[in-house]
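A.B. asks: coords below, sequence missing:
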């Protein structure tokens with residue numbers, strides 16, 4: 001069973017870069033057909049897709065966040081990471097990493113609260 005765990009700072013100052021890492025166990029992030037996603041939920045709002053990285057290393061982003069977002073991976077550590085640049089208080093959210101296969105969600109991390117606060 002694939003398990004995911006987010007890690008990173010819980011406070012980020014405005015205009016700085018939010019950096020989170022998802023550590024994956026129970027399966028390799030290079031397995032074909034698996035997609036490794038970042039999703040967030042802001043207070044009082046629904047789930048929002050942020051971006052993802054495929055097993056071949058190709059990354060895709062939400063159009064609304066693409067100019068500020070990078071998703072990368074470290075295959076030696078079986079981790080993938082999110083960088084969101086120039087954050088504002090509107091980026092305050094619970095950030096989740098998740099895995100999909102065949103269009104269906106397979107596993108989720110527990111989520112990590114990130115607050116943008118001066």
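C.D. replies: Cool, the structure landed. Keep in mind the model is a prediction, meaning the values are calculated, not measured.
A.B. asks: distance of the nearest residue to residue 18 once chain neighbours are set aside relative to residue 8?
C.D. replies: Spatial nearest neighbour of residue 18, chain neighbours left out: residue 84 (4.3 Å); criterion: CB to CB, 6 or more residues apart in numbering. Glycine gets a C-beta too; all of them are placed from N, C-alpha and C. Note on residue 84: its distance to residue 8, by CB to CB, to the nearest Å, is 11 Å.
A.B. asks: likewise for residue 110?
C.D. replies: From residue 110 to residue 8 the distance is 13 Å (CB to CB).
A.B. asks: same deal with residue 102?
C.D. replies: 29 Å.
A.B. asks: quick one, which of these two is more surrounded?
C.D. replies: Using other CB atoms under 10 Å as the criterion, residue 102 and residue 8 rank with residue 8 on top: 15 against 8.
A.B. asks: would you list the phi and psi of that one?
C.D. replies: Note on residue 8: backbone dihedrals following degrees, to the nearest 10 are phi 150, psi 170.
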